[in-house]
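Asker: no sequence for this one, just the structure:
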C-alpha cells in the first residue's frame with residue numbers, strides 16, 4: 001500500500017526540555033533518489049527498500065549493513081515489496097508488473113498481468129496467493145506458484161488502490177476512491193461487509209494482528225478503525241495536515257502508525273484513539289512504513305531520499321502521561337543543571353554522563369507506571 005505515485009501527481013541533550021523533544025532517530029541512511037517502499041522480511045533479519053529508479057536494497061536489521069543491492073531491479077519506481085514466508089522469493093511492484101527475485105538478488109520472473117500502473121499488493125500468510133491493485137476498479141487474486149489469475153475482484157464503484165489479506169488469510173480488505181472499504185470472503189470471493197465514514201479516497205487498509213480490527217487511511221487526512229464483527233467505527237484519528245498514505249499496526253496491536261504527505265509520522269493509541277507522538281524530522285513525504293521486530297522501532301521511506309530507523313522510546317509515553325511530575329523531577333535534580341560557574345569542563349562532562357544514567361532510570365520508572373495502567377488514573 002505504498003502511495004509514492006500519488007506524490008508524483010500532487011543529539012541527545014539531557015539539559016533541554018521542550019514540548020517536542022528529539023525525534024528518536026536511531027539511524028538515517030541517505031540516498032540520491034527517493035525511497036518509495038520498505039518492508040521487513042518474514043524471518044525478521046532483513047529490511048528491504050525500493051527506490052524511484054527501480055533499485056532494490058536489502059539491509060541487515062541489526063547492523064543496517066547492505067546484504068545485497070540490485071540496481072535496475074525494476075524498470076519503474078518500486079511501489080511495494082513483499083517477501084514469501086519461506087524466504088525464497090522477493091516480490092516487487094513496479095509499473096504494471098510484479099517482478100520476482102530470489103533472496104540472492106537473482107531475477108526469477110516478471111508477471112505482466114496488469115495493464116495499468118500497480119499501486120499495492122499483499123501476500124497471504126502461506127505465501128500461495130497475492131492480491132494486487134492497479135488504476136481501475138478491479139483488483140486481482142493471483143496464484144503465486146502457477147503465476148496465474150485466480151479471480152478478478154470487482155465490487156467498488158471507483159479506482160481501488162488499497163488491498164490486504166487478514167492475518168488468518170481468510171478475508172481480504174480493499175479500499176477505493178469510492179470512499180468505502182470492502183471486506184471479502186476469500187473462499188466465496190464475495191463482499192461480506194462494507195465500511196463507510198471517510199470523505200476522501202482510501203489509500204491504505206490494514207488489519208490488526210488478531211484480525212478483529214480494520215483500519216483505513218484516507219485522502220481526507222484521517223484514519224478510521226472499525227470493529228469488524230460489530231461493524232462499528234471505533235476510532236477516528238485526526239491530526240495530519242495532508243492525505244494519509246500508509247498505516248500499520250504494531251505487532252501487539254496496541255499502537256498504530258500513520259504516515260502522510262504532510263511529512264509527519266504519527267503514533268496512536270488504538271484503544272483510546274489518542275495521538276501519542278508525532279515524528280516530524282522529515283523533509284519529504286512518507287510513502288511507506290514498517291515495524292521492526294519487537295515493535296519498539298520502525299523504518300520509513302522518504303521522498304527526500306532517506307531511509308530512517310525510528311525508536312518508539314519509553315520517554316514518548318512518559319511525556320504524554322506524566323509530563324509535569326517528570327519534568328519537575330528533572331528540574332529539581334542538580335545533575336541536570338547547566339554548567340556552573342567555576343565548574344571544570346571535565347567535571348561537567350562527568351556530571352552529564354551521570355545525568356544521562358539518572359534520566360534513563362527516571363524514564364524507566366514512569367514507563368513502568370504506564371505499563372501498569374497508572375497513567376489512566378493520572379491522565
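Answerer: Thanks, I have the structure now. Given the structure is predicted, the values throughout are model-derived calculations rather than measurements. Numbering: from 1, shown residues only.
Asker: Helix or strand for the residue most central in space within the chain, just tell me which one.
Answerer: Of all residues in the chain, the one closest to the mean position by CA atoms, centre = their mean is residue 289, 2.8 Å from it. Take DSSP states H and E as the rule and residue 289 turns out to sit in strand 288-291.
Asker: ok, now residue 317?
Answerer: Judged by DSSP H and E, residue 317 forms part of helix 314-321.
Asker: so how far is the helix or strand that that helix is followed by from its chain's centroid?
Answerer: Note on helix 314-321: by DSSP H and E, the next helix or strand toward the C-terminus is helix 323-331. From the chain centre to the centre of helix 323-331 is a distance of 31 Å (CA atoms, centre = their mean, to the nearest Å).
Asker: Go through helix 323-331 and flag the buried ones.
Answerer: Buried residues in helix 323-331, counted by 16 or more other CB atoms under 10 Å: 326, 329, 330. Any C-beta I mention is one placed from the backbone N, CA and C, and that applies to glycine too.
Asker: Strands of the stretch 251-379 of the chain, start to end?
Answerer: For the stretch 251-379 of the chain, strands defined by DSSP state E, counting those that start in this stretch occupy the ranges 255-260, 265-269, 275-279, 288-291, 297-301, 306-311.
Asker: hmm, back to that, counting contacts, what elements does the strand holding residue 289 pack onto?
Answerer: strand 35-40, strand 244-249, strand 255-260, strand 297-301 (3 or more CB pairs under 8 Å, 6 or more residues apart in numbering; DSSP states H and E).
Asker: nearest to residue 353, of the buried residues of helix 323-331?
Answerer: Nearest to residue 353, judged by CB to CB, of the buried residues of helix 323-331 is residue 330 at 15.8 Å.
Asker: Was I right to think residue 51 contacts residue 32?
Answerer: No. Using CB atoms under 8 Å, residue 51 is not in contact with residue 32; the gap is 9.1 Å.
Asker: Between these two, which is the more surrounded one?
Answerer: Neighbour count, other CB atoms under 10 Å: between residue 51 and residue 32, residue 51 has more, with 24 against 9.
Asker: Can you tell me, leaving aside adjacent residues, what's nearest to the more buried one?
Answerer: Leaving aside its sequence neighbours, residue 51 sits nearest to residue 33 (CB to CB, 6 or more residues apart in numbering; 5.0 Å).
Asker: Just give me the neighbour total for the one you found.
Answerer: Applying other CB under 10 Å, we find 13 residues neighbouring residue 33.
Asker: For it, which three-state class applies?
Answerer: coil (DSSP: H, G, I helix; E, B strand; the rest coil).
Asker: residues in contact with it?
Answerer: 51, 52, 53, 55, 305 (CB atoms under 8 Å, 6 or more residues apart in numbering).
Asker: Count the residues that sit near residue 195.
Answerer: Quick note: residue 195 (other CB under 10 Å) scores 21 neighbours.
Asker: That one against residue 225, yeah?
Answerer: No. Applying CB under 8 Å, one finds residue 195 not in contact with residue 225, separated by 10.1 Å.
Asker: give me phi/psi at the closest residue in space to residue 259 that isn't next to it in sequence?
Answerer: Nearest residue to residue 259, sequence neighbours excluded (CB to CB, 6+ apart): residue 286, at 3.7 Å. Phi and psi for residue 286, reported as degrees, to the nearest 10, are phi -120, psi 100.
Asker: Go ahead and confirm residue 286 touches residue 301.
Answerer: Yes. Between residue 286 and residue 301 there is a contact under CB under 8 Å: 6.7 Å.
Asker: got the buried residues of helix 323-331 as CSV, with pLDDT and distance to residue 246 columns?
Answerer: Listed next are these as CSV, based on pLDDT from 0 to 100; distance: CB to CB, whole Å:
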residue, pLDDT, distance to residue 246
326, 96, 31
329, 95, 37
330, 94, 35
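Asker: Can you add distance to residue 105 and give these back as JSON lines?
Answerer: Formatted as JSON lines, those follow (distance: CB to CB, whole Å):
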{"residue": "326", "distance to residue 105": "47"}
{"residue": "329", "distance to residue 105": "51"}
{"residue": "330", "distance to residue 105": "49"}
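Asker: from those residues, which is closest to residue 190?
Answerer: So of the buried residues of helix 323-331, ranked by how close each gets to residue 190 (CB to CB), first place is residue 326, at 52.3 Å.
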